[in-house]
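Q: missing the sequence, but the structure's below:
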């Protein structure tokens, strides 16, 4: 099925609805408002709705301080919070759904959106690992639904994975891609569904090895972390794993694979997939809480977001941003 | 065997010998010279020796431009290049060996160092995956040898993996750790040997999954790269994978493991370790060379190092550096 891409219109002609306004949904609201789009936000919980604008104002101020936006009031002025789903969806060309990640919860909200949406509206789900086919099959407009999975928080990490269900219209996928790109995000398009998509599969592969090394007592949690935060992560902050190895052998990626592919294969063969051991998780929890007491988790998250904001500003100033 | 740590002396009292002065060895020379240490460099190849000082001067200028060092001439003045191994080792308290990564080559140079070194000197090898037990067993002073594996280039990525052989003296490991820390690097200490150590095992795990996703046609090389360079890599530039997940669930790492451990286990079970497929490597090479012609690889490596320099300056200014 092909039809003209409804989203090829200029950004300012769009209306984006945000459904579910926890941390992920709020970040999405800021992404689109920052880009100049009218944003209509809905969350079923009154306390969550009450937090949206104060949070957005504070986050926009942090972006302004880092030189990433100019006019805080203009951004906030594009955010409109509604008490009902119908109001938020009214006139929406794109819906970003970010409700709790359980198949039943996603199924319910998608049916509710389905009943209210215009036939051409595109609906992206922030699902971090569950494919859209598990919760959109029964929708009348199921061809307009797909996954649009961000990194949290989306206004500080631009990547977004677009994953079509088997029944997603090609133009819905393309329209979502165009909108995300125009809004300053970095859309990554999967050809088809896979559990965990790309981002969390890559994270999971690295985590599984990290847990195994910790479990076997090779190093402390802190030292394993340092191999990334003061090592590999520095390159990965602006180059992917393939470009990294492409530059790491005189003849590029094919040369690298010839030199080191055997070593990596041997390492993989030494591992059998297994669940993260409970006792090891408990020990890891102790090490982390000794390094960072539970009461300081929130402050550390604010520290993380400040660092991500600074990194975004650095990348922009250095021509390394999208 | 315990003895007083020879390296507990102030940094300036040390003399560091660099054996093998390709890109890795040259980077090491700059690390120690920058920290205020006298550095004695040896490489068997005259053309390599001739390149050391011009390269160091250019690299020091880039560091100065980014505000990472102040006095270029003072740094360069600490670098002394010698035609013989004996001269470079004379008076050395620490030796960083960075010759070609083949067991025979490493074995030969370690025996040569062994014959010339003072009994208390510590010798770190830049080996990226081969444990020291495979090439130091026959050394008289084998207790003084260990792995000190950096990320390339070591003057821009501070992490260094310290991996003791079964016969490495505890004080040699501790001395190397103290020296690296004092020199501004971030030492990570492994309790025992494992092929690939930590850093390349983590890289390998992520690469194996990335190759599998590419092989199966889920996304382009560029899109897989973007999930890291505009997503996960942003956090990993200043937090490790464990701290990342610790901050990613309300109750910390134990809570995260309870919520998502099952998903990651399921993903791992869907994979069987296999060699990177030759046909896929060939296709990846084509995609990379279309994005970056072979003639531009060197310029892109310079771009990478400039980005790493800027990132180091950003992290230092933001309190995120060691």
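A: Looks like it came in fine. Note that the structure is a prediction, hence the values are computed from the model and not measured.
Q: please compute how far stretch A:256-267 lies from its chain's middle.
A: 31 Å (C-alpha atoms, centre = their mean, to the nearest Å).
Q: now do it, average pLDDT.
A: Regarding stretch A:256-267, the rounded mean pLDDT is 93.
Q: what lies in contact with that stretch?
A: Residues outside stretch A:256-267 that contact it (C-beta atoms under 8 Å, 6 or more residues apart in numbering or on different chains): A:245-246, A:248-249, B:129, B:195-196, B:200-201, B:204-205, B:207-208, B:273-276, B:281, B:284. In this view, the C-beta of every residue, glycine as well, is placed from N, C-alpha and C.
Q: ok, and for that stretch, which residues are buried?
A: A:256-257, A:260-261, A:263-264, A:267 (16 or more other C-beta atoms under 10 Å in any protein chain shown).
Q: contacts only, for the spatially most central residue of chain A.
A: Geometric centre of chain A, nearest residue: residue A:150, 1.3 Å, by C-alpha atoms, centre = their mean. Counting by C-beta under 8 Å, 6+ apart, residue A:150 makes contact with A:24, A:27-28, A:126, A:157, A:159-161, A:185.
Q: ok so, going back, drop anything exposed from the contacts of stretch A:256-267.
A: Among the contacts of stretch A:256-267, the ones that count as buried by 16+ other C-beta under 10 Å are A:245-246, A:248-249, B:129, B:196, B:200-201, B:204-205, B:207-208, B:273, B:275-276, B:281, B:284.
Q: all helices of chain A, in order?
A: For chain A, the helices defined by DSSP state H occupy A:23-34, A:46-65, A:72-77, A:85-89, A:103-116, A:170-182, A:199-215, A:221-227, A:233-236, A:241-246, A:253-269, A:278-291, A:297-317.
Q: interface residues of the stretch 51-200 of chain A facing chain B?
A: A:129, A:151-152, A:156-159, A:161, A:186, A:188-192, A:194-196, A:198-200 (C-beta under 8 Å from any C-beta of the partner chain).
Q: mind giving me the ChimeraX command for buried ones among those residues?
A: In ChimeraX syntax, the buried subset of those is picked out as below (16+ other C-beta under 10 Å):
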select /A:129,151,152,156,157,158,159,161,186,188,189,190,194,196,198,199,200
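Q: just the residues of the stretch 51-200 of chain A next to chain B: which are in strands?
A: A:159, A:161, A:186, A:188-189 (DSSP state E).
Q: dump these into CSV; add distance to residue A:58 and pLDDT as well.
A: Converted to CSV, these look like this (distance: C-beta to C-beta, whole Å; pLDDT from 0 to 100):
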residue, distance to residue A:58, pLDDT
A:159, 24, 98
A:161, 27, 98
A:186, 25, 98
A:188, 29, 98
A:189, 33, 98
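Q: of the contacts of residue A:150, closest to residue B:319?
A: residue A:157 (20.6 Å; C-beta to C-beta).
Q: which residues does the closest one contact?
A: A:150-151, A:308, B:230-231, B:234-235 are the contacts of residue A:157 under C-beta under 8 Å, 6+ apart.
Q: once you drop chain neighbours, what's closest to it?
A: residue A:151 (3.7 Å; C-beta to C-beta, 6 or more residues apart in numbering or on different chains).
Q: out of the contacts of residue A:157, who's the most crowded?
A: Ranked by neighbour count (other C-beta atoms under 10 Å in any protein chain shown), these have residue B:235 at the top, with 28 neighbours.
Q: okay, the helices of chain A in TSV with distance to residue B:76 next?
A: Output for those, formatted as TSV (distance: least, C-beta to C-beta, whole Å):
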stretch	distance to residue B:76
helix A:23-34	46
helix A:46-65	39
helix A:72-77	47
helix A:85-89	63
helix A:103-116	61
helix A:170-182	46
helix A:199-215	39
helix A:221-227	30
helix A:233-236	25
helix A:241-246	30
helix A:253-269	32
helix A:278-291	39
helix A:297-317	28
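Q: and these, which one's lowest on average pLDDT?
A: helix A:253-269 (a mean of 93).
Q: nearest spatial neighbour of residue A:315, chain-adjacent residues omitted?
A: residue A:321 (4.3 Å).
Q: give the contact list for that neighbour.
A: Contact partners of residue A:321, counting by C-beta under 8 Å, 6+ apart, are A:158, A:312, A:315.
Q: list the contacts for residue A:214?
A: Counted by C-beta under 8 Å, 6+ apart, residue A:214 has contacts A:220-221, A:224, A:280, A:284, B:242.
Q: hmm, try it at 7 Å
A: A:221, A:224, A:280, A:284 (C-beta atoms under 7 Å, 6 or more residues apart in numbering or on different chains).
Q: do the same with residue A:124
A: Residue A:124 makes contact with A:94, A:96-97, A:146-148, A:176, according to C-beta under 7 Å, 6+ apart.
Q: can you tell me how far the nearest residue to it once chain neighbours are set aside sits from chain B?
A: Nearest non-adjacent residue to residue A:124, counting by C-beta to C-beta, 6+ apart: residue A:148, 2.9 Å away. Residue A:148 sits 13 Å away from chain B, going by C-beta to the nearest C-beta, to the nearest Å.
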